[in-house]
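Participant: Next come a sequence and a model predicted from it.
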Amino acid sequence: LKLFKVPLILLPFAVWFIIATFTSTTATENVRPFDPAALYVKQTLPVTLPGDMALMPDGPSLYVLQRLSSGVESALVIIDTTTYQTQTIPLGFGMALGLDFMPDGSKLFVAISKGSGDITSTGSNRIVAINPANGSTIATIPTGSTNPHGPTQVAVSPNAEDAYVTNRGPHLVHVVDTATNTLGSTFTIQYVPIALAFSPDGSRVYTVNRFTNDVAAINTTNNSLITKISLSLAPSVSENSIAITSDGTRAFVTSSGSANIAVLDINPNSPTYHQQVGTLTTTGNALNRVIVTPDDHYAFVVSQGTDE
């Protein structure tokens, strides 16, 4: 495994670029040839207090959640990646923490919490469905909880029928019907769920649980717990602390208290299914967001603790 620091646009720190090939039969991450000089900063845009972000599927725009200077209001910044022109859409009071697109890009779901950390707003815990074409609100979906620590992240299922939302304060996961923009069901996760990600076939969703140092595997057919995967590290409090490879064999979970990334086997045909099978080590600290490229060859990891 080789690590290179490369700059990341829109964030005030660089990221560690992990060079790895992920195989479906072993836990070995093999080094892939890579030239870090091939990456460079193409454009820097001023976005105050940026948060989660996502590219519109097959589209030219980047959508960035932003906490406004008041500290208790949020906005959605839409950036044209061709012209770098920006548009800001106010989201009102509350902390917009996570977002995800429908696979066809027709709708964007945003998780908004009443509070975050020591800050509490007069806003409500809610999920907002947005029309990406013009930034207008299609629907506002209340989560029903007044706990200041509310919704953190959204993941739309691969079949686009449901959007799963973690709600850390009351230890819940909400399931939103994406056709009607209403809450379809809610189930309890007794582990303070922060982040989540689907297996590529949509049969399972994995939640990263803050205080129990584990990942819960959920059967999406009936939203029942399959198992808990114990971690050898304390997972990051980031809403983006888990990433799954497109072949559905590996999950990666970042750590908030170390330079390590847990490697989980999530291949149902493997003898080590639903176990941590390795650890990747960087020279960073307080690792944050992790993203795996669509070809499963590379991963980007933010080291917030060392501003890298």
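Facilitator: Great, that's in hand.

Participant: Neighbours of residue 90, how many?
Facilitator: A count of neighbours around residue 90, defined by other Cβ atoms under 10 Å, yields 12. For every residue, glycine as well, the C-beta is placed using N, CA and C.

Participant: what helix or strand does it sit in?
Facilitator: Assigning secondary structure by DSSP states H and E places residue 90 in strand 86-93.

Participant: Give the rounded mean pLDDT of that strand.
Facilitator: When pLDDT is averaged over strand 86-93, the result is 94.

Participant: in its sheet, what does the next helix or strand after that strand sit against?
Facilitator: On the C-terminal side of strand 86-93, the nearest following helix or strand under DSSP H and E is strand 95-101. Within its sheet, strand 95-101 is paired with strand 108-113 (antiparallel), according to DSSP bridges.

Participant: what angle separates the partner strand from strand 86-93?
Facilitator: 40 degrees (axes from the mean of the first three to the mean of the last three Cα atoms, to 10 degrees).

Participant: Mind listing residues that contact whatever helix or strand comes next after strand 108-113?
Facilitator: Toward the C-terminal end, the helix or strand that comes next after strand 108-113 (DSSP H and E) is strand 115-116. Residues outside strand 115-116 that contact it (Cβ atoms under 8 Å, 6 or more residues apart in numbering) are 94-95, 97, 121, 148-150.

Participant: what residue ranges in the protein are flagged as low confidence?
Facilitator: Low-confidence segments of the chain (pLDDT under 70): 1-40, 117-118, 305-308.

Participant: Can you pull up the most central residue in the chain?
Facilitator: Geometric centre of the chain, nearest residue: residue 240, 2.9 Å, by Cα atoms, centre = their mean.

Participant: ok, now how distant is that residue from residue 135?
Facilitator: 22 Å (Cβ to Cβ, to the nearest Å).

Participant: now do residue 260
Facilitator: In terms of Cβ to Cβ, residue 260 sits 39 Å off from residue 135.

Participant: can you tell me how far residue 219 sits from residue 231?
Facilitator: For residue 219, the distance to residue 231 - Cβ to Cβ - is 20 Å.

Participant: Neighbour count for these two, which is higher?
Facilitator: residue 231 (20 against 13).

Participant: can I get the contacts of strand 115-116 in JSON lines with distance to residue 251 and neighbour count?
Facilitator: Output for the contacts of strand 115-116, formatted as JSON lines (distance: Cβ to Cβ, whole Å; neighbours: other Cβ atoms under 10 Å):
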{"residue": "94", "distance to residue 251": "29", "neighbour count": "27"}
{"residue": "95", "distance to residue 251": "26", "neighbour count": "29"}
{"residue": "97", "distance to residue 251": "21", "neighbour count": "26"}
{"residue": "121", "distance to residue 251": "33", "neighbour count": "20"}
{"residue": "148", "distance to residue 251": "29", "neighbour count": "17"}
{"residue": "149", "distance to residue 251": "24", "neighbour count": "19"}
{"residue": "150", "distance to residue 251": "25", "neighbour count": "29"}
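
Participant: Go through those residues and name the one nearest residue 196.
Facilitator: Nearest to residue 196 out of these is residue 97 (Cβ to Cβ; 12.3 Å).

Participant: one step back: which elements pack onto the strand holding residue 90?
Facilitator: Counting contacts by 3 or more Cβ pairs under 8 Å, 6 or more residues apart in numbering; DSSP states H and E, strand 86-93 is packed against strand 73-80, strand 108-113.

Participant: winner for burial among those?
Facilitator: strand 108-113 (a mean of 27; mean count of other Cβ atoms under 10 Å).

Participant: C-alpha coordinates for that strand, CSV please?
Facilitator: In CSV, the C-alpha atoms belonging to strand 108-113 read as follows (Å, rounded to 0.1, in the frame of the first residue of the first chain):
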residue,chain,number,x,y,z
LEU,A,108,-31.9,15.2,-4.2
PHE,A,109,-32.6,14.3,-0.5
VAL,A,110,-31.0,16.3,2.3
ALA,A,111,-30.9,15.4,6.0
ILE,A,112,-31.3,18.4,8.3
SER,A,113,-30.7,18.2,12.0
